[in-house]
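Asker: Make a model of this:
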Amino acid sequence: MTRRPRAVFISPIAPARTGNGLAMRMGQFAEALAAIAELDIIVAPVAGDAGGGESFAGARVQVASIVGRTDTQFAMLSRIDDAHSRLDAFRDYGKPSLAAPLSPSALADIADRVAACRPDFVHIGRSYLSPCVERVPRRVAATLDLDEDDRMSFSSQARLARARGQDAQAAWLEQEGVACDRLVARWRLNFQRVFVAVAEDGFRLARRHPGLAWERVRNAVPIPPRRPKRDDGETLLFVGGLGYGPNADGVLWFCQEVLPRLRSRSAGSCRLWIAGGGVRAVAALARHPRVSLLGRVDSVASLYERATLALAPMRAGGGTRIKLLEAAAHGTASVATFEATQGIDWPSGAAGWRARSSEAFAAACRTALSEPGERKRRAGRGQNWVRRYCARDRVVAGLARALARTFEEAGA
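Answerer: Numbers count the residues shown, from 1 in each chain. Have a look, this model is predicted:
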């Protein structure tokens, strides 16, 4: 009987099928890897919780301790009072802040854990964990999920900070993106293939890093049963982790610039539900009479069923907004900025409305609230598109084939 290959997946967060968008992305890879190999998952929780993950076909999960192991150089530069001097030191550091917990001792611990698993191949999640490949033997095939073009994502966040007059913060964010890109340049030849969620990101990365072998893997969502809506015609819903800067910025922008312009069809005020962890970033909204901060929820199905519209008001960031796909899968129409819909190539009018300014966003919301028939039509088109292209089972099966092909080509 032929032995199944062994794989190790180093993830920045506990992989999951629902919930946090990054965890869901990592969950796709965990499930695909478990389908083709005996899988060990090593969580190095630099970007989220180490616990709360899910089981993936018998995969074994262990957590690499990073608490108190911050790189000495980064710890020292973080204590510099002067913003300009601190930024200069960060530039000299050359790595993104998310990589700071990967001190030499932490990397050695992860390398020991990988070696103990005796893998035939290794997969790593996100650019900031790419240094983990350094101690992987070259005979072991390796792949990397970049998910998005981090340099572009951080640059878009820097533009927002600059527009708010936060020049020091903008410069820091720009350097975060540059540092992520430097890691891609440093380690790309150690990976047989990298993956991205959006094709445009792949083309852009390949232009900056000639020879980069990349492949698109769409973000995906579980497909729930079709259920009739039970909304009241005036409830708006935002789902997303508020610890992520672009999400918090988008919610605050919506509440300050858009929500005051909205009235429901019954002449009362629309209400907004905000579901997601990290509510401290928008804690001031708890006093808003039309806003409910729900925090983390175990299941979003009932929220989508009762919501009239899903919102994606993000003005920065990158990759594909999984929550827009999730809303469409649940048959809930959305109103989103063009930044939020980048990389989702659904047909015009499918899933909902798009807007570039606060005035246009408010107008789109008013139209969507006042035209239930059109809202239902667009939601139905979006639901059909997501079922066809972003159904989790289908995407994971394709990813498993792509990973198996990559490792076979590498001779793993």
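
Asker: Low-confidence stretches in the stretch 151-300 of the chain?
Answerer: Within the stretch 151-300 of the chain, the segments meeting pLDDT under 70 span 264-268.

Asker: Equivalent analysis for the stretch 1-150 of the chain, please.
Answerer: In the stretch 1-150 of the chain, residues with pLDDT under 70: 1-2, 50-54.

Asker: All the strands of it, in order from the start?
Answerer: Taking DSSP state E, counting those that start in this stretch, the strands of the stretch 1-150 of the chain run over residues 6-11, 38-43, 60-63, 121-125, 141-147.

Asker: Same list as before, those that is, but in CSV and with mean neighbour count and distance to G352 included.
Answerer: Every residue, glycine included, has its C-beta placed from N, CA and C. Formatted as CSV, the strands of the stretch 1-150 of the chain follow (neighbours: other CB atoms under 10 Å; distance: least, CB to CB, whole Å):
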stretch, mean neighbour count, distance to G352
strand 6-11, 26, 32
strand 38-43, 23, 35
strand 60-63, 15, 37
strand 121-125, 27, 30
strand 141-147, 26, 24
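
Asker: The ones you listed into TSV, with extra columns for distance to N20?
Answerer: Output for these, formatted as TSV (distance: least, CB to CB, whole Å):
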stretch	distance to N20
strand 6-11	12
strand 38-43	13
strand 60-63	16
strand 121-125	13
strand 141-147	13
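
Asker: now the strands for the stretch 301-412 of the chain?
Answerer: So, for the stretch 301-412 of the chain - with DSSP E, counting those that start in this stretch - the strands run 309-312, 334-337, 352-355.

Asker: how about TSV for these, with mean pLDDT and mean neighbour count added?
Answerer: What follows is the strands of the stretch 301-412 of the chain, written out as TSV (pLDDT from 0 to 100; neighbours: other CB atoms under 10 Å):
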stretch	mean pLDDT	mean neighbour count
strand 309-312	97	26
strand 334-337	96	26
strand 352-355	96	21
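
Asker: could I get those as JSON lines with distance to F407?
Answerer: Formatted as JSON lines, the strands of the stretch 301-412 of the chain follow (distance: least, CB to CB, whole Å):
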{"stretch": "strand 309-312", "distance to F407": "36"}
{"stretch": "strand 334-337", "distance to F407": "37"}
{"stretch": "strand 352-355", "distance to F407": "39"}
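
Asker: between the strands of the stretch 1-150 of the chain, which gets nearest to H209?
Answerer: Across those, H209 has its closest neighbour in strand 141-147 (10.5 Å, CB to CB).

Asker: Provide the strand pairings for that closest one, with the direction of each partner.
Answerer: Within its sheet, and counting by DSSP bridges, strand 141-147 is paired with strand 121-125 (parallel), strand 193-196 (parallel).

Asker: T332: which of these is closest?
Answerer: strand 193-196 (26.9 Å).

Asker: Output that closest one as CSV, restricted to C-alpha atoms.
Answerer: C-alpha atoms of strand 193-196 as CSV (Å, rounded to 0.1, in the frame of the first residue of the first chain):
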residue,chain,number,x,y,z
ARG,A,193,4.3,28.3,-6.5
VAL,A,194,2.5,31.1,-4.7
PHE,A,195,-1.2,31.7,-4.7
VAL,A,196,-3.3,34.8,-4.8
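
Asker: What distance do you get for E326 to V300?
Answerer: 7 Å (CB to CB, to the nearest Å).

Asker: which residues are common contacts for the two?
Answerer: V239 (CB atoms under 8 Å, 6 or more residues apart in numbering).

Asker: And those two? Which one has more around it.
Answerer: Using other CB atoms under 10 Å, the more surrounded residue of E326 and V300 is E326, with 26 against 23.

Asker: What distance do you get for the nearest residue to that one once chain neighbours are set aside to L309?
Answerer: Spatially, and ignoring its direct neighbours in sequence, E326 is nearest to V221 (4.7 Å; CB to CB, 6 or more residues apart in numbering). V221 sits 18 Å away from L309, going by CB to CB.

Asker: on that earlier part again, would you reformat the strands paired with strand 141-147 as TSV and include distance to V258?
Answerer: Below are the strands paired with strand 141-147 laid out as TSV (distance: least, CB to CB, whole Å):
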stretch	distance to V258
strand 121-125	34
strand 193-196	31
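
Asker: how about those strands, which one is nearest A286?
Answerer: strand 121-125 (33.4 Å).

Asker: and the closest one, how far out from the chain's middle?
Answerer: Centroid separation for strand 121-125 versus its chain: 18 Å, with CA atoms, centre = their mean, to the nearest Å.

Asker: Make 18 the first number, not 1, from now on.
Answerer: With 18 as the first residue, the last one maps to strand 138-142.

Asker: tell me the angle of that strand relative to strand 23-28?
Answerer: Between strand 138-142 and strand 23-28, the angle comes out at 10 degrees (axes from the mean of the first three to the mean of the last three CA atoms, to 10 degrees).

Asker: Run through who's touching strand 138-142.
Answerer: Outside of strand 138-142, the residues within contact range by CB under 8 Å, 6+ apart are 22-30, 42-43, 46, 50, 54, 131, 147, 149-150, 153, 157-162, 164, 208, 420, 424, 427, 429.
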